[in-house]
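Undergrad: one predicted model, sequence on top.
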Amino acid sequence: MTDPAPTLLWLRRDLRLTDHPALVAAVERGGPVIPVHIRDGAVDALGAAPKWRLSKGLKSLSDALDEAGSRLILRAGPAREVLEELVAETGAEAVYWTRLYDPEAQERDARVKEALRDQGIEAKSFGGHLMFEPWTVETGQGSYYKVYSPFWRAVKDRAVEAPLPKPETLPAPATWPGSDRLEDWQLEAPMRRGAAVLEAHAPIGEQAAQGRLGHFMAQGVESYKSDRDRVDRDGTSLLSAHLSLGEISPHQCWHAGLRAQEAGKAGAETFLKELVWREFAYHLMYHTPHILTDNWRPEWDSFPWREDRRLKEVQAWEQGRTGEPFVDAALRQMYVTGTMHNRARMVVASYLTKHLMVHWRVGMKWFEDCLVDWDPASNAMGWQWVAGCGPDAAPYFRVFNPETQLHKFDPDGAYVRAWIAERSTQPPATACAYFNAIPEAWAMSPDAPYPDRLIALDSGRKRALDAYGARDKAS
């Protein structure tokens, strides 16, 4: 009897070895397992910060595989062509991967699966990126959920698979196929001089993700419900970038949250709800993929948003010089760290889409370029929810006031001081780092005067409400 042929493990947003159903299945199939990551069009289309973060995540995974006696094979090109080449080179008879849910990935994966199966190759996708497959959560009428609260009630008591252990061994082939060098891909290049600044703020890899989850469950989850909106505190889990690249699974986070809930920790249920909010974003992206590109609610198509990135207001917003301390601090935090506090994201998005009357697609694209935790579903749903054109059960037009929000969630001004240098005679290193990260062409200096407001908050709010009223009349 001959030994089983190799299995190609096609890795995308599942850069871990623990709780990895596709990896476990590949090992259980028998024969060598050949992990591969493909730089295809989807990778090349990533924004600067997500591409930088992917490069770091791949390096961490490659090191972990080396320690386990395996290795990560890197190839560039269209996914189907690369996989077919690797099948021919290695004699592999199976290709396994973790499912993704955006329309581009679904179309690509379907083509790959069909082509491989036509050649007699076993092609199989597995769960792992989500806890609840989108097609398994239905309303009583057999449709998808359009509002979060009933979605939460539908899934909160469902059984979630227990995390799978890391395989004890990763069988290696007698001869490894050739691989590109990660450094030759230059995935970090679009970050330019900002890369060195960003690196100081970005924990990388599966080990860091596990450590962060453990730290949060030991010290953060108890006060999570009360602290998660305070931008001046370390009150969130900081797991979003790890979840985005699959350095940790939602199953691991969910079961840790359940254990905290059973232990009576006050913020555990709120943490579980946030994990389900992520699931809800994917649920909507799967069932209504136009959420990525167009107004989720078509009645918003007549709203008079502006969509020219060359507008001086847009450039001021992107550069964190709107004259609104909360907005500017948040945008600068994102440029330095690649992340932004969730409460700040809501305020920043509301200011752009309501006070400045700029289309949510402009802001979504900027986040796509600047966030290391960029995630297609969460980014799109978050922007549309704040803009008002997305899934929201609120019966009113919500306009966040950056000034009152700042008083409420940064009452002592610590967050603003941490990120805006121009308002201080001795600004901290975090605020000064912004000027080392931004393009020199922006010609900004910590010694320059802090800018005046782009627009008075009351008049900006009135303009948005008037436009909303006119939209309703037109509808």
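TA: Now that the structure is in, tell me what you want to look at.
Undergrad: use CA for all of it now, contacts and neighbours both
TA: Will do.
Undergrad: report pLDDT for the nearest residue to residue 106 once chain neighbours are set aside.
TA: Spatial nearest neighbour of residue 106, excluding adjacent residues (CA to CA, 6 or more residues apart in numbering): residue 100 at 6.7 Å. pLDDT, residue 100: 98.
Undergrad: for residue 393, same thing?
TA: 66.
Undergrad: one more: residue 396?
TA: 73.
Undergrad: roughly how far does it sit from residue 277?
TA: Distance of residue 396 to residue 277, computed by CA to CA, to the nearest Å: 21 Å.
Undergrad: these two - which one has more neighbours?
TA: Neighbour count, other CA atoms under 10 Å: between residue 396 and residue 277, residue 277 has more, with 18 against 8.
Undergrad: find the nearest non-adjacent residue to the more buried one, please.
TA: residue 148 (7.1 Å).
Undergrad: tell me who's in contact with the residue nearest to residue 106.
TA: The contact partners of residue 100, by CA atoms under 8 Å, 6 or more residues apart in numbering, come to 13, 106, 129.
Undergrad: can you list the buried residues in the helix or strand bottoming out on mean pLDDT in the chain?
TA: Every helix and strand of the chain was ranked by mean pLDDT, DSSP states H and E. The lowest is helix 457-474, at a mean of 89. Neighbour-count burial for helix 457-474, counted by 16 or more other CA atoms under 10 Å, picks out 457, 460, 461, 463, 464, 465, 467, 468, 471.
Undergrad: show me the domain layout of the protein.
TA: 1-129, 130-160+205-287, 298-474 (automatic domain parsing).
Undergrad: which stretches in the stretch 201-350 of the chain count as helices?
TA: Per DSSP state H, counting those that start in this stretch, the stretch 201-350 of the chain carries helices over the ranges 205-215, 224-227, 240-244, 250-262, 268-287, 312-318, 325-337, 342-350.
Undergrad: could you say which of these is packed most deeply?
TA: helix 325-337 (a mean of 26; mean count of other CA atoms under 10 Å).
Undergrad: name the helices or strands packed onto that one?
TA: helix 194-199, helix 312-318, helix 342-350, helix 402-409, helix 414-419, helix 429-437 (3 or more CA pairs under 8 Å, 6 or more residues apart in numbering; DSSP states H and E).
Undergrad: tell me the gap between the first one and the middle of its chain.
TA: What it means is helix 194-199. 19 Å (CA atoms, centre = their mean, to the nearest Å).
Undergrad: and it, what does it pack onto?
TA: Looks like helix 194-199 contacts helix 325-337, helix 429-437 (3+ CA pairs under 8 Å, 6+ apart).
Undergrad: buried residues, that helix. List them.
TA: 194, 195, 197, 198, 199.
Undergrad: next: the fifth one.
TA: For helix 414-419, the neighbour count (16+ other CA under 10 Å) marks 415, 416, 417, 418, 419 as buried.
Undergrad: now those in JSON lines, with pLDDT and distance to residue 308?
TA: Shown next, in JSON lines, are those (pLDDT from 0 to 100; distance: CA to CA, whole Å):
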{"residue": "415", "pLDDT": "98", "distance to residue 308": "30"}
{"residue": "416", "pLDDT": "97", "distance to residue 308": "28"}
{"residue": "417", "pLDDT": "97", "distance to residue 308": "31"}
{"residue": "418", "pLDDT": "97", "distance to residue 308": "31"}
{"residue": "419", "pLDDT": "98", "distance to residue 308": "27"}
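Undergrad: and which of these is nearest residue 7?
TA: Using CA to CA, residue 419 is the member of those that sits closest to residue 7, with 48.4 Å.
Undergrad: once you drop chain neighbours, what's closest to that closest one?
TA: residue 431 (4.1 Å).
Undergrad: what about the one you found, how many neighbours?
TA: Every residue meeting other CA under 10 Å relative to residue 431 is counted, giving 23.
Undergrad: spit out the contact partners of it.
TA: So residue 431 contacts 332, 417, 418, 419, 420, 421 (CA under 8 Å, 6+ apart).
Undergrad: burial check on residue 180, number of neighbours?
TA: Neighbours of residue 180 using other CA under 10 Å come to 13.
Undergrad: can you tell me how far it is from residue 372?
TA: 24 Å.
Undergrad: just residue 187 next, same as before
TA: 13 Å.
Undergrad: more crowded one of the two?
TA: In this view residue 187 and residue 372 are compared by other CA under 10 Å, and residue 372 has more residues nearby, 28 against 22.
Undergrad: was I right about residue 421 contacting residue 433?
TA: No. Counting by CA atoms under 8 Å, residue 433 is not a contact partner of residue 421; they are 9.4 Å apart.
Undergrad: which of those two has more neighbours?
TA: residue 421 (26 against 21).
Undergrad: show me what contacts that one?
TA: Counting by CA under 8 Å, 6+ apart, residue 421 has contacts 427, 428, 431, 432, 446, 447.
Undergrad: quick one: secondary structure of the first one?
TA: Secondary structure assignment for residue 427 (DSSP: H, G, I helix; E, B strand; the rest coil): coil.
Undergrad: how about it: what's its closest non-neighbour residue?
TA: residue 421 (4.9 Å).
Undergrad: quick one: the one you found and residue 258, what's the gap?
TA: 42 Å.
Undergrad: and residue 66, how many neighbours does it have?
TA: Residue 66: 12 neighbours (other CA under 10 Å).
Undergrad: ok, residue 3 next?
TA: 8.
Undergrad: any idea how far the least confident helix or strand of the chain is from the middle of the chain?
TA: 31 Å.
Undergrad: that helix vs helix 402-409, what angle?
TA: 110 degrees (axes from the mean of the first three to the mean of the last three CA atoms, to 10 degrees).
Undergrad: can you list contacts of helix 457-474?
TA: Contacts of helix 457-474 (CA under 8 Å, 6+ apart): 300, 302, 303, 304, 354, 355, 356, 357, 397, 399, 401.
Undergrad: cool, stretch 75-88 as well?
TA: Residues contacting stretch 75-88 (CA under 8 Å, 6+ apart): 8, 36-41, 92-93, 108, 111-112, 115-116, 177, 179-180.
Undergrad: thanks a lot, catch you later.
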